[in-house]
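Engineer: okay, structure incoming, though there's no sequence with it:
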């Protein structure tokens, strides 16, 4: 069955350029009406302009698609509400939200100013919260929604000089995990994309020889699939980079279960550490805060 988004309405934040632009163009090609949100700021979040969003709208309309521009900042709760309201006013519904907007304030941690940390958190993490929070009641009421968070290898794997960005990006995974549990009963699925692409945000950090292959359009098919009816998953991370696609997940080793009725000494922990730390035989962590604690305690006869 071909993937299509006909009849769906999508809001893509930060879609005036880079990854967001490629997502928007593909979504429109697949039949979605698209709200092109872009503040038109610089990479570090300064300034604003309507030009970027307007150009993408014009490109979609020229190709026979339907799109409308919004110039609000995701970091403004009222702006987030306005962009969602625009979708409802113009198209009558909102089916898809891709949280893509972001800025960079790269610094080594020794030189990281609190303002640089806070602004990155505000745009990436709080911005995704504000927009998703505004869209959530609409999706729950219609019992349909697809939400994609944009995480990063900087949060999953780490990257020098990006403690602010990495913290925000892994925070989005935490939000995804919780919303995936809350939304599933309403057919509101929440997933994440971890993209690798050469954009104005990454041109300074992408290795020279590899940069040629880090095309933003190679990320968008995975995002479109996550936003389609073909996707029945919730709470997963897909990585997309230079034509390679994979699932990224947290794993837990077999570990050591001490009897929780008895005290555990530091010496006992130390003696068992090699078995505690091994990932041989590791399995994906289970949804929810307790993981597989219940079956382990049942095996001990404590439940």
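Structural biologist: Here it is on my side, so go on. These figures come from a predicted structure and were not determined experimentally.

Engineer: quick one: least confident helix or strand in the chain?
Structural biologist: Every helix and strand of the chain was ranked by mean pLDDT, DSSP states H and E. The lowest is helix 208-211, at a mean of 72.

Engineer: buried residues in the following helix or strand past that one?
Structural biologist: Remark: after helix 208-211, the chain's next helix or strand is helix 220-226, criterion DSSP states H and E. For helix 220-226, a neighbour-count test (16 or more other C-beta atoms under 10 Å) marks 220, 221, 222, 223, 224, 225, 226 as buried. To be clear about C-beta, it is placed using only N, CA and C from the backbone, and glycine gets the same treatment.

Engineer: my guess is the last one contacts residue 148. True?
Structural biologist: Yes: using C-beta atoms under 8 Å, residue 226 is in contact with residue 148, at 5.2 Å.

Engineer: what is in contact with those two at once?
Structural biologist: Residues touching both residue 226 and residue 148 (C-beta atoms under 8 Å, 6 or more residues apart in numbering) are 191, 193.

Engineer: returning to what we had before: JSON lines for the buried residues of helix 220-226, including pLDDT and distance to residue 37?
Structural biologist: Formatted as JSON lines, those follow (pLDDT from 0 to 100; distance: C-beta to C-beta, whole Å):
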{"residue": "220", "pLDDT": "98", "distance to residue 37": "16"}
{"residue": "221", "pLDDT": "98", "distance to residue 37": "21"}
{"residue": "222", "pLDDT": "98", "distance to residue 37": "20"}
{"residue": "223", "pLDDT": "98", "distance to residue 37": "15"}
{"residue": "224", "pLDDT": "98", "distance to residue 37": "18"}
{"residue": "225", "pLDDT": "98", "distance to residue 37": "22"}
{"residue": "226", "pLDDT": "98", "distance to residue 37": "18"}
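
Engineer: okay if I get those as a markdown table plus distance to residue 246?
Structural biologist: Below are the buried residues of helix 220-226 laid out as a markdown table (distance: C-beta to C-beta, whole Å):
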| residue | distance to residue 246 |
| --- | --- |
| 220 | 16 |
| 221 | 14 |
| 222 | 10 |
| 223 | 15 |
| 224 | 17 |
| 225 | 14 |
| 226 | 14 |
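
Engineer: many thanks, have a good one.
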